[in-house]
Structures are given as structure tokens and as C-alpha cells.
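J.: no FASTA, just this:
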């Protein structure tokens, strides 16, 4: 069964601003201050079982979003290396909130 997503208009005009404001306009992992337009709204539980309930969403900077331990995020790695956001040896920088680790 395919995942049901919120319409883009609802996501960008309603959900993103609410989560960003709730999180104080900062990455909840590293504390970096972000504008609404540069922040990434991350699904804590992602994939088919994830949802858009506010408790399952959080604000991350692009770097923390790319480096979060989640197999669904692997498609972002190559672009982040190419743009210089993360180095080619990114594996030792991955973080997992379940282990309370920030390895960078």
C-alpha cells in the first residue's frame, strides 16, 4: 500500500512552519539556527510506517538530515558529497538518536 502524503500546499504552508517554529528555528540535533526555507523537516519514523503527525516530525539542518542513521536517507549521500556538505569518509559522522550519539 503506497504511503499517503499531505498535499504540497498543506506541507509547505502549514506543516513545515509549525514544526520549524515549535523547534525554535533550530536543528534539533546540532542546534544550528535555520531559516524556514533552508530547514529540513525530518520524519523520525520514516518510510511506509511513518506519518505526518507532529510528534513524528522535527527540524534538522541539511547536514544532520543527510547523516542521520536511516536507510531511507541514503539517496541523499551522493549529492551531499558532491556539493561538499559532507566528506567522502562520511560513515564515521553518522548519528543515531537511539544511541544519543553525535559523531562529528
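T.: Cool, the structure landed. As the structure is a computational prediction, the values presented were derived from the model and not from experiment.
J.: Every contact and neighbour count from this point should use C-alpha atoms.
T.: Fine.
J.: what's downstream of the helix or strand bottoming out on mean pLDDT in the chain, the next helix or strand?
T.: Within the chain, confidence by mean pLDDT, DSSP states H and E is lowest for helix 8-10 among all helices and strands, at a mean of 67. Scanning forward in sequence from helix 8-10 by DSSP states H and E, the next helix or strand is helix 16-22.
J.: Against which helices or strands is that next one packed?
T.: Here helix 16-22 touches strand 40-43, strand 57-60, going by 3 or more C-alpha pairs under 8 Å, 6 or more residues apart in numbering; DSSP states H and E.
J.: which of the residues in that helix are buried?
T.: 16, 17, 19, 20 (16 or more other C-alpha atoms under 10 Å).
J.: and if you look at stretch 20-38?
T.: For stretch 20-38, using 16+ other C-alpha under 10 Å, the buried residues are 20, 23, 25, 26, 27, 28, 29, 34, 36.
J.: Quickly check those residues for the two that are furthest apart.
T.: Farthest apart among the buried residues of stretch 20-38 by C-alpha to C-alpha are 29 and 36. That separation is 16.2 Å.
J.: that older thread, mind checking which of the buried residues of stretch 20-38 are in helices?
T.: residue 20 (DSSP state H).
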